[in-house]
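Asker: 3D, please:
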Amino acid sequence: MENKIEKGLMTFNLSLKGFDGPIDMLLSLVREQKIDITKIQILPLAEQYLLYLKKAIKEDIDLAAEYLVIGAVLTYIKSKLLLPKEEQSEEDPEILSELLKFQILKLETFQNLTKRLFSRPQLGKNFYSRGFQTILKKTVNYKYEINLYKLTSVYAEIQSNKENTKLTIAHTNLYSVEQALVNLKKLLSDTEEWESLLSFIPKNIVGYLEYKSVLSSYFVASLELIKEGKIKIKQDLKNNNNLQIIKNN
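Answerer: Now for the predicted structure:
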């Protein structure tokens, strides 16, 4: 058998660069034998692998370490298989052989699946995608159905809701003329000097609308007191034309 293998080596230019690993190389050797992977015999396979490895080392001293590891494992299995059973140690070479067969079988399965995958049509080779992407716009058309009865019913309901709407007037803090009269009479009773009408306005007024209401009420109240002859009024030309009032004694 060795003569036959050596003769095959002379015609086969071995290059480990063509293999994906030592298991790939073993699978190639199994395929050359044309036998079922599950029925391969490790001993002849080990002999052939070691012969290939021996020749490859002579040609390439930088051989990958993983090939040498598998070579060592095969040498170990070969030695165990050649020894008489009673001289074998506790390590069973049959288990190592089955594990190696499993790895070879798994590799062949992956290679077959890879071939099937790449045999399918491929984008850019067997078919091509469109040069541009079409953006489709979804148009929704609504169709309304109504008759005169429904239209008049809706209109009547809208008008009915309008009639039942309650008018609510927001509360405002407006200042009354009566309040201004009471305050002016009280404040004027404590002074004998001319005072600006603005000085009698309360200091806690907030908001523009409330301030305008207070100012208007105090002005009307001062006119009412002038009419009754209880105060005098004048315009201060030197001080922004402010109105000044004083109690009429």
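Asker: State the mean pLDDT of the lengthiest helix in the chain.
Answerer: Ranked by number of residues, the top helix in the chain under DSSP state H is helix 93-118. Helix 93-118 comes out with an average pLDDT of 76.
Asker: just use 893 as the starting number from now, easier for me
Answerer: New numbering, starting at 893: the last item is helix 985-1010.
Asker: which is the next helix or strand following it?
Answerer: Using DSSP states H and E, the helix or strand that follows helix 985-1010 towards the C-terminus is helix 1040-1055.
Asker: And the next helix or strand past that next one?
Answerer: In N-to-C order, the element after helix 1040-1055 by DSSP H and E is helix 1069-1080.
Asker: List the strands paired with the following helix or strand past that following helix, with their directions.
Answerer: Using DSSP H and E, the helix or strand that directly follows helix 1069-1080 along the chain is strand 1087-1088. Take DSSP bridges as the rule and strand 1087-1088 pairs in its sheet with strand 1134-1139 (antiparallel).
Asker: how about the strand it pairs with: buried residues?
Answerer: Going by neighbour count (16 or more other C-beta atoms under 10 Å), the buried part of strand 1134-1139 is Q1136, I1137, K1139. In this view, the C-beta of every residue, glycine as well, is placed from N, C-alpha and C.
Asker: between those, which is nearest L1080?
Answerer: Nearest to L1080 among the buried residues of strand 1134-1139, counting by C-beta to C-beta, is K1139 at 4.5 Å.
Asker: Report how many residues lie close to the nearest residue to the closest one once chain neighbours are set aside.
Answerer: Spatial nearest neighbour of K1139, excluding adjacent residues (C-beta to C-beta, 6 or more residues apart in numbering): L1080 at 4.5 Å. Per other C-beta atoms under 10 Å, the neighbour tally for L1080 reads 19.
Asker: Domains in the chain, by residue range?
Answerer: What automatic domain parsing lists as the domains of the chain is 894-1010, 1069-1139.
Asker: How far does the last one stretch from one end to the other?
Answerer: Domain 1069-1139 has an end-to-end distance of 19 Å (C-alpha to C-alpha, to the nearest Å).
Asker: And the average pLDDT for that domain is what?
Answerer: Mean pLDDT, domain 1069-1139: 84.
Asker: list the buried ones in stretch 1103-1112?
Answerer: For stretch 1103-1112, a neighbour-count test (16+ other C-beta under 10 Å) marks S1105, V1106, L1107, S1109, Y1110 as buried.
Asker: between those, which is nearest K1007?
Answerer: Of all the buried residues of stretch 1103-1112, K1007 sits closest to S1105, with 95.9 Å by C-beta to C-beta.
Asker: And the closest one, how far from L1090?
Answerer: Distance, S1105 to L1090, using C-beta to C-beta, to the nearest Å: 15 Å.
Asker: what do you get for N1018?
Answerer: The value you get for N1018 to L1090, if C-beta to C-beta is used, is 95 Å.
Asker: Neighbour count: those two, which is higher?
Answerer: Ranked by neighbour count (other C-beta under 10 Å), N1018 and L1090 place L1090 first, with 12 against 8.
Asker: N1132 is in contact with that one, correct?
Answerer: No - L1090 is not in contact with N1132 according to C-beta atoms under 8 Å; the separation is 10.0 Å.
Asker: what's the neighbour count on E939?
Answerer: For E939, the count of nearby residues is 16 (other C-beta under 10 Å).
Asker: element containing it, please.
Answerer: Per DSSP H and E: E939 is located in helix 934-951.
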